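Q: sequence and computational prediction follow.
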Amino acid sequence: MALAIVSALLFVVDLNSRLLEPVRSVLATFVSPIYIIAESPYQMSRQASQTLSTRELLISENARLEKRNLELAQTAQQFVALREENDRLRQLLGSRQRLGVEGLVAELIGVVPSPNTFQIEIDKGADAGVFIGQAVIDADGLFGQVVEVAQFTSRVMLVIDAAHAVPVQVLRNDFRSIAAGTGRVDRLELEYVPITADIRVGDQLVSSGLGGHFPRGYPVGEVVSVVVDPTLTYAQVSARPLAALDRARHVLLVSGSEAPSLTPTEQPLEAAP
Amino acid sequence: MNPTRGGWVIMLSIGIAMLLSVVHLPAGASAWLGWLRPSWLVLVVFYWVMALPHRFGMISAWLTGLVVDVLYADPLGVNGFCLAALTYVTWSFYERFRMYSVAQQGVVVFLMVLATEFVRMGAQWLGRDGALSWWIVAPAVMSTVAWPLVALLLGRLRYQFAVE
């Protein structure tokens, strides 16, 4: 009976506040070896296949990567020039310059097993400077955000989790919306899109940076269907996430140079008279 | 859980149950396959409480559940409540459960897993937008199927290492 009350209390406190984060974090540090052991067969098979791959395979792989590297280097050169131009123009407009973004590569070491929850375990934790709310991307787009940090590992909630939402904008016309997860691997839903909004199938969605959590300009998804029902207030817009959510092995933890800001409600509102 | 008199076997079996419950499917497997995972922890806890009610109490069950919460990313307290409740029920009827045949025990396991999955789903649903679905019957069915195997294996281990 007492245990039931304690459980209920913990449950309510955990859902409604962040008080228990240190508890979770300590427990997670002890639990993370279980994930590492559970992942080890996959790790070993990958290593074995790497060791046993033939010379020809390695050569072709190398050639492919060199080609890719060259392409990316070329894009990067253009990017540098464009960024300088952009900064100059922004200076002319008097707006703040874009902040540089730092990245930290992490490897996936486990997947949280419940079919309703889309979270993964990665091998970088508090000791590598990971913080709660940090944005995670992969090679193709926005992946999710850090929700729990242990000493050497952390948990990432994917953009498709039903509890996740990210502020986005349409690349074509800067129309702003919120992309919420649906609990399905291939589907995001845009919330509060008026039926008159200019949004079409094939539109690219990028993070708008408005919430303060996610850096601006990372690709999030591509609109796959727009259903306008005149009897409803909002259009039903679905998008396909671009990140390889169920395949990526390596992800990048990104952080801007500025510290994550508190939500407005956490800052004192009253000024001295 | 006292590590002497074979207590380490109990701890090890719970550790392995946790391990089995987070081993993930190879990339590219369909998502619904995830529902077919038996509730290894419920099976193992049920076995030990039934076989050795004096060794595995409600506090141990609750603490195990707390670790499982973090493992599964559930709200804290949910699995602790489930496992403690399970322990309480089993503890109240363990003499009767022991006399049951494996098939009858399987039915008990089915109901228990269904109840724990239901509580977990309800907690997720309360906590955020987790969906309610009929799929929770699948782990209950799979647990029933896995029960004879688990009971046999743990029984063997219990006699082998004289856990009492």
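A: Received the coordinates, thanks. These numbers were taken from a predicted model, which means no experiment stands behind them.
Q: from here on, just use CA atoms for contacts and neighbour counts.
A: Will do.
Q: can you classify the residue of the stretch 1-150 of chain A at minimum distance from chain B by secondary structure?
A: In the stretch 1-150 of chain A, no residue comes nearer to chain B than A:S7, which is 4.3 Å away by Cα to the nearest Cα. Recorded secondary structure, A:S7: helix (DSSP: H, G, I helix; E, B strand; the rest coil).
Q: contact residues of the stretch 51-200 of chain A facing chain B?
A: A:G110, A:V111, A:V112, A:P113, A:S114, A:P115, A:N116, A:T117, A:Q119, A:A162, A:A163, A:G183 (Cα under 8 Å from any Cα of the partner chain).
Q: quick check: phi and psi on A:S154?
A: Main-chain dihedrals, A:S154, degrees, to the nearest 10: phi -150, psi 170.
Q: what's the neighbour count on it?
A: Number of residues near A:S154 (other Cα atoms under 10 Å in any protein chain shown) recorded here: 27.
Q: ok, now B:G155?
A: B:G155 has 15 neighbours, counted by other Cα under 10 Å.
Q: same check, this time on A:D203
A: Using other Cα under 10 Å: A:D203 sits among 18 other residues.
Q: list of residues touching stretch B:122-137?
A: A:15, A:116-117, A:162-163, A:183, B:35, B:74-75, B:78, B:114, B:117-118, B:121 (Cα atoms under 8 Å, 6 or more residues apart in numbering or on different chains).
Q: centre of the chain to it, how far?
A: Its chain's C-alpha centre and that of stretch B:122-137 lie 19 Å apart, by Cα atoms, centre = their mean, to the nearest Å.
Q: do stretch A:61-76 as well
A: 25 Å.
Q: same question for stretch B:87-106.
A: The answer for stretch B:87-106 is 14 Å, by Cα atoms, centre = their mean.
Q: does that stretch reach chain A?
A: No. For stretch B:87-106, no contact with chain A is found by Cα under 8 Å from any Cα; the gap never falls below 9.8 Å.
Q: contact partners of that stretch?
A: Contact with stretch B:87-106 is made by B:45-46, B:49-51, B:53, B:57-58, B:61, B:144-145, B:147-148, as judged by Cα under 8 Å, 6+ apart.
Q: likewise stretch A:40-55?
A: Contacts of stretch A:40-55 (Cα under 8 Å, 6+ apart): none.
Q: just the buried positions in it, please.
A: A:Y42 (16 or more other Cα atoms under 10 Å in any protein chain shown).
Q: may I have that stretch as CSV, with CA atoms only?
A: What follows is stretch A:40-55, C-alpha atoms only, in CSV (Å, rounded to 0.1, in the frame of the first residue of the first chain):
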residue,chain,number,x,y,z
SER,A,40,27.3,-6.0,-28.4
PRO,A,41,26.2,-8.7,-30.8
TYR,A,42,25.4,-6.1,-33.4
GLN,A,43,28.7,-4.3,-32.7
MET,A,44,30.7,-7.6,-33.1
SER,A,45,29.0,-8.5,-36.3
ARG,A,46,29.8,-5.1,-37.7
GLN,A,47,33.3,-5.4,-36.6
ALA,A,48,33.6,-8.9,-38.0
SER,A,49,32.2,-7.8,-41.4
GLN,A,50,34.7,-4.9,-41.4
THR,A,51,37.6,-7.1,-40.7
LEU,A,52,36.6,-9.7,-43.2
SER,A,53,35.7,-7.4,-46.0
THR,A,54,37.8,-8.0,-49.1
ARG,A,55,40.4,-5.7,-50.5
